[in-house]
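Chemist: sequence and predicted structure below; questions after.
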Amino acid sequence: MALVELRDVVKRYELGGETLTVLKGVDFTIEAGEFVAVMGPSGSGKSTMLNMIGLLDEPSEGTVLLRGEDVTTLSDRERTKARQGAIGFIFQDFYLIPSLTATENVELPTLFGGAGNKKGREKAIELLTDFGLGDRLDHLPKELSGGQQQRVAIARSLVNEPQVLLADEPTGNLDQKTGKEILDRLREICDSGVGIIAVTHDPNVAAYADRRVNIVDGVIDGDDALAREDHDA
Ligand code: ADP
Ligand code: MG
């Protein structure tokens, strides 16, 4: 069963009396352990599609299924709960809280959801250590490089053990080498069974992704399996 499925999803925005149709009937699925790269011109609807998959926003028409369950009929509260249990997010601008340390930033999502305080902290430290930040636990975001901040953000996205990770241009603010390191991390996470959908402009995406989905003007124009190169060597 697909982790997430979009069925004929339409998204419209009303702006100053005009209707803007941003997604025009999108069908999409992602399975466990699959890494999907989403590409397309600026303004084509990539972030909007990610927001639909991530249950951050509701479609105007169509259906979103999370592990086969229709989540478009859930209340806001139920949808938030479903999201917190299943989906992690990573953004271009990291979105770390400036006044919190690396550990506190990663621990934060556990304070709303399930895990008790102590367990959340332990998990945060474990993830940060895994990501090579064991000596940066008490640093504030401004005391970290861009690549380090994004690793903190990835750790935060994983702390509630999501099945799907959504990354909106995760390497957009990083140099090429650091961007590659981040994509390598995401590939590892994916290989552990998490489904990943990443909006990226990286032309080397075939080295990381299993599939490339191209969006043009709110419509999927190409959804292709990639022959993945092995860059681990
Ligand atoms: P992409 O991520 O591919 O650059 P987006 O999904 O962010 O594109 O946006 C697609 C289109 O939808 C753009 O024209 C954008 O201006 C419009 N749009 C996005 N969010 C909103 C919103 N909340 N209200 C009105 N228009 C929006
Ligand atoms: Mg975008």
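Modeler: Arrived safely, thanks for sending. Ligands and ions are numbered 1, 2, ... in the order given.
Chemist: so what's Thr103 closest to, chain neighbours aside?
Modeler: By the measure of CB to CB, 6 or more residues apart in numbering, the closest residue to Thr103 outside its immediate chain neighbours is Leu137, 4.7 Å from it. In short, each C-beta sits where N, CA and C put it, glycine included.
Chemist: residue contacts, the one you found?
Modeler: Leu137 sits next to Thr101, Ala102, Thr103, Ile125, Leu128 when contact means CB atoms under 8 Å, 6 or more residues apart in numbering.
Chemist: now do Leu127
Modeler: Leu127 makes contact with Val106, Ala155, Leu158, Val159, according to CB under 8 Å, 6+ apart.
Chemist: among those, which one sits closest to Arg12?
Modeler: Closest approach to Arg12 among the contacts of Leu127 (CB to CB): Leu158, at 33.3 Å.
Chemist: could you report the neighbour count for the closest one?
Modeler: A total of 22 residues lie near Leu158 under the criterion other CB atoms under 10 Å.
Chemist: next secondary structure after the helix or strand where Val38 lies?
Modeler: For Val38, the host element (DSSP states H and E) is strand 35-39. Per DSSP H and E, strand 35-39 leads on to helix 46-53 as the next helix or strand towards the C-terminus.
Chemist: rewinding a little: name the SS class of the residue nearest to Thr103, please.
Modeler: With DSSP: H, G, I helix; E, B strand; the rest coil as the basis, Leu137 sits in coil.
Chemist: for ligand 1, see how far away it is.
Modeler: 33 Å (CB to the nearest ligand atom, to the nearest Å).
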